[in-house]
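# have a look at this prediction, sequence included:
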Amino acid sequence: MDTIESSFDVEVFYDGECPLCMREISMLQKMDRRERIRFTDISKAPFDPATLGLTMDEMMKRIRARLPNGELIEGVEVFRRLYAAVGFEKAVELTRLPGVAGALELGYSWFAANRMRLTGRCEDAACDVTNPRGRRAAS
């Protein structure tokens, strides 16, 4: 992957239609006084997941981010990078401890699999919903 502009520590790709997600993103935007995070809402045009080599379904399944060198990361590691960027490096190190790291991974995996239902965006028991741009989102 090509190196991209490095005036940031991490670019987070978030679902701007997710109320729970937006609470955290709004908080991070306020905390990002040094502007080390680039925020990209995947629910709005002109975002195109193909530029990352991914589909919208893949983007909707788990939170993803891009590092300045172009590397894509996902899940709990995204949150580690976001919180380190706003000054919580010492707390982030605690999330890497054995046991803590595993619990966080399990918790995030559960949330990611259930976030559409948890945010009231399910149309049926299978949580087969259409995201804001008309693509099918995974449950």
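Noted; the coordinates are in hand.
# give me the helix or strand of this structure that scores worst on average pLDDT.
For the chain, counting by mean pLDDT, DSSP states H and E, strand 129-130 ranks last in confidence among helices and strands (a mean of 42).
# the helix of greatest length in the chain packs against which elements?
In the chain, with assignment by DSSP state H, the single longest helix is helix 100-118. Helix 100-118 sits against helix 19-31, helix 76-85, with contacts defined as 3 or more Cβ pairs under 8 Å, 6 or more residues apart in numbering; DSSP states H and E. In short, each C-beta sits where N, CA and C put it, glycine included.
# need those helices in JSON lines with distance to L52 and mean neighbour count, can you?
Below are the helices and strands packed on helix 100-118 laid out as JSON lines (distance: least, Cβ to Cβ, whole Å; neighbours: other Cβ atoms under 10 Å):
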{"stretch": "helix 19-31", "distance to L52": "18", "mean neighbour count": "14"}
{"stretch": "helix 76-85", "distance to L52": "14", "mean neighbour count": "20"}
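# select, out of those, the one closest to M56.
The minimum distance between M56 and the helices and strands packed on helix 100-118 falls on helix 19-31, with 15.4 Å, by Cβ to Cβ.
# please name every helix or strand in contact with the closest one.
For helix 19-31, the packing partners by 3+ Cβ pairs under 8 Å, 6+ apart are strand 10-14, strand 37-41, helix 100-118.
# what's the mean pLDDT across it?
Helix 19-31 comes out with an average pLDDT of 95.
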